[in-house]
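Asks: Got a predicted structure here, sequence first:
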Amino acid sequence: MASLDGRTLWIPYMSDASHIAAAIARSAGHDAKVTPLTSSATVALGRSVTSGRECYPAIITSGSMMEILRDNPPERTAFFMGTASGPCRFGQYCQYHGMILKRLGYPGVPIVTSSSSDSYSSVDGFSSFNRQKALYQGISLVDNLYKARFRVRPYERNRGETDRVYGQQLLKACERAEKGLSLGKCAQEAARAFCAIPVDGSVRRPRVAVFGEIYIRNDPYANDNTLDRIEELGGEVVYSPIAEWMEFVNLSFIEKSKKLNRQGSVMTGKIKAGVMAMMKRPVEKPFEKLFADTPHAGAEAILRAALPYMPENIGGEAILCIGAPLALMSHGGIQGAVNVLPFGCLPGTVVTAVSRRIRRDRPDLPWLNLAFDGQEDTDNTSRLEAFMFQVKKYADRNGD
Ligand code: SF4
């Protein structure tokens, strides 16, 4: 287990859930902070230390590390970087970042890493069972804050009010997480605050699910503010929760263990699923009324929906990216699907290829694949505008 004595642990920004993760690490006595939001300067710095052949998220996180080291002493700095197995380069990020740091004269700066296969549990600060539970509950709460924001904001009467409520509730949640307190109370207060926002909801907008590579979809700069732009163009965004990934990883573990007849592992996975459900309930139940007509699909439904298009054991995010929109579609919950991916992303390319078959099977449902590499031009903008036009037509035809 990596020691962080005397160092600030920098957690990469991947949605505001990173702020909860940092608060939980602080509750364990670490000086944990979230890296600043990505900007064009971050990307330029990242490009200056990478070869250009890396995934876009690797370039951004490299640039972010350089920004931190430019402003902070290396002997007081450490970075967190997750890893995962599967058909993807993510598993090599931490080694790659280590090579960059060494090359640039920072060999002593630790990169604290942990894998999705142990639910990121081998990092000092997140490792105890209670902190693992707190981390999952915190991420689930932030997911719900985002969902509430996207459910209410398109209909708010007073511009800016939803974002203000969102910011206040996020701050409160981080304060409670830092004190090691349960977040159930925060969820109750947040749900009340969102429900109290005056709205004009006489006409429901068409719902557009945004899914795809987890880093890009959770970094507004990297996805060129696609979620906000869908809203500006008249849609209601259906947010893909981060906790979904953790639930899906555990479900895949159970299914794999069943196939290998490892009954002990199956039991471990099921107990874990039970604990996750128990932790999620207090931060989910208060939002039930607000989300009553927001489409949702659980990990199991997602997996089942993807199976006609790809094998269960493909690993990584691809199956989730195919299954989630299909599961949401099957209940008529969405009128459009947007897959955001980094240019050259391996699972993203698989999803894009498979989406051709899905569009053959469901020619009516608007589906858009948007690739980002940091050099966006007007092409993605006009494609998004044309897509939203289709979405509105589809919603009109189907009486949504
Ligand atoms: S999911 Fe795609 S972008 Fe992310 S690390 Fe894997 S290959 Fe790279």
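Replies: Sure thing, it's come through.
Asks: so which strand or helix has V340?
Replies: V340 is part of strand 336-342, with elements assigned from DSSP states H and E.
Asks: which helices and strands does that strand pack with?
Replies: Using 3 or more C-beta pairs under 8 Å, 6 or more residues apart in numbering; DSSP states H and E as the contact criterion, the secondary-structure elements in contact with strand 336-342 are strand 207-212, helix 214-217, helix 226-232, helix 318-330, helix 346-361, strand 367-372, helix 378-397. In short, each C-beta sits where N, CA and C put it, glycine included.
Asks: From the contact counts, what lies against the fifth one?
Replies: Same thing as helix 346-361. With contacts defined as 3+ C-beta pairs under 8 Å, 6+ apart, the secondary structure elements packing on helix 346-361 are helix 318-330, strand 336-342, strand 367-372.
Asks: before we move on, back to that, the ligand: which of the helices and strands packed on strand 336-342 is closest?
Replies: Using C-beta to the nearest ligand atom as the measure, helix 346-361 is the one of these that comes nearest the ligand, at 4.2 Å.
Asks: Up against the ligand, what does the stretch 51-200 of the chain have?
Replies: Along the stretch 51-200 of the chain, the residues adjacent to the ligand under the rule C-beta under 6 Å from any ligand atom are C55, P57, C88, R89, F90.
Asks: quick one: contacts for the third one?
Replies: The reference is to C88. Listed by C-beta atoms under 8 Å, 6 or more residues apart in numbering, the contact set of C88 reads G316, E317, C345, L346, P347.
Asks: Skip the chain neighbours and tell me the closest residue to whatever residue of the stretch 301-400 of the chain ends up closest to the ligand.
Replies: Nearest to the ligand in the stretch 301-400 of the chain, going by C-beta to the nearest ligand atom, is C345, at a distance of 3.1 Å. For C345, ignoring the flanking residues on the chain, the nearest one in space by C-beta to C-beta, 6 or more residues apart in numbering is E213 at 5.4 Å.
Asks: what do you get for A301?
Replies: With C-beta to C-beta, 6+ apart as the criterion, A301 has its nearest non-adjacent residue at 4.5 Å, and that residue is A327.
Asks: Check the secondary structure at P363 for me.
Replies: Classification of P363 using DSSP: H, G, I helix; E, B strand; the rest coil returns coil.
Asks: Which pLDDT does the model give it?
Replies: The score at P363 is 85. That number is its pLDDT.
Asks: so what's T268 up against?
Replies: For T268, the contacting residues are S257, taking C-beta under 8 Å, 6+ apart as the criterion.
Asks: Let's see that with 10 Å instead.
Replies: If a contact means C-beta atoms under 10 Å, 6 or more residues apart in numbering, then T268 has N250, F253, I254, S257, R262 as its contacts.
Asks: Same question for E284.
Replies: With contacts taken as C-beta under 10 Å, 6+ apart, E284 has the following neighbours: Q137, S140, L141, D143, N144, G184, A187, A191, A243, A277, F291.
Asks: And it, how close does it get to R53?
Replies: Using C-beta to C-beta, to the nearest Å, E284 is found at 41 Å from R53.
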